[in-house]
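> this one's sequence-less:
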C-alpha cells in the first residue's frame with residue numbers, strides 16, 4: 001500500500017495555517033499539492049496513453065441520465081481505458097445500469113460539511129481511501145454540484161488532466 005502522508009500533510013498544513021476559510025490561499029495550496037503529486041509520481045507521462053478515467057456524476061437522477069450520452073462518447077474515444085464513475089447515494093442504483101463504466105464509487109454525502117475545512121478533510125479522506133491508489137489519467141466533471149465541489153475533488157484525485165464544465 002502506498003504512503004500518501006505527504007499529500008495529507010500538505011492539506012493539513014494549509015488548513016492549520018488558515019483561520020478564515022475566505023482567506024484560504026488556493027494558489028499556494030495548488031502549488032504545494034502539485035509538488036506532492038509530482039514527488040509521488042502522479043505527473044509522470046504515460047507511455048500507453050489514457051489508461052484510467054474518472055467521471056464525476058454526483059447530481060440528481062435526472063441530471064445523471066442526461067450525462068449518459070457523454071459517458072458513451074468517452075467510452076467510444078477511450079475503448080480500452082478503465083472508466084470509474086463517482087456517484088452520490090441518490091443515483092447509485094440507477095448508475096449501475098450504465099454499460100460504459102467498469103467500476104463505481106459512491107461518494108457518501110457525510111463528507112459534505114458546512115465548514116469548508118471539514119469538507120476539505122472529508123474530500124481528502126475520500127481521495128486517500130478511493131482515488132489516489134488508482135492513479136487516474138483523466139477526469140471529467142459535467143456539472144458542478146454544489147458549486148465548485150466536483151472540480152475541486154477532480155483536482156484532488158491527482159489525475160494529470162481534468163475536464164470540467166463550470167457554469
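Perfect, thanks for sending it. Note that the coordinates shown come from a computational prediction; the quantities given were computed from them, not determined experimentally. Residues are numbered from 1 along each chain as shown.
> buried residues, the top helix by length along the chain. List them.
Counting residues, the longest helix found in the chain (DSSP state H) is helix 61-77. For helix 61-77, a neighbour-count test (16 or more other Cβ atoms under 10 Å) marks 64, 67-68, 71, 74-75 as buried. Yep, even glycine has a C-beta here, placed from its N, CA and C like the rest.
> whichever helix or strand comes after it vs helix 61-77, what angle?
Downstream of helix 61-77, the next assigned helix or strand under DSSP states H and E is strand 82-88. With axes from the mean of the first three to the mean of the last three Cα atoms, to 10 degrees defining the directions, strand 82-88 sits at 170 degrees from helix 61-77.
> and strand 82-88, what does it pack against?
Contacts defined by 3 or more Cβ pairs under 8 Å, 6 or more residues apart in numbering; DSSP states H and E place strand 82-88 against strand 52-57, helix 61-77, strand 103-107.
> which SSE is immediately downstream of it?
helix 92-95.
> pull out the buried positions in that next one.
Across helix 92-95, burial judged by 16+ other Cβ under 10 Å covers 92, 95.
> roughly how far does the residue sitting furthest away from the middle of the chain sit from residue 117?
In terms of distance from the mean C-alpha position of the chain, residue 19 ranks first, at 25.4 Å (Cα atoms, centre = their mean). Here residue 19 is placed at a distance of 10 Å from residue 117 (Cβ to Cβ, to the nearest Å).
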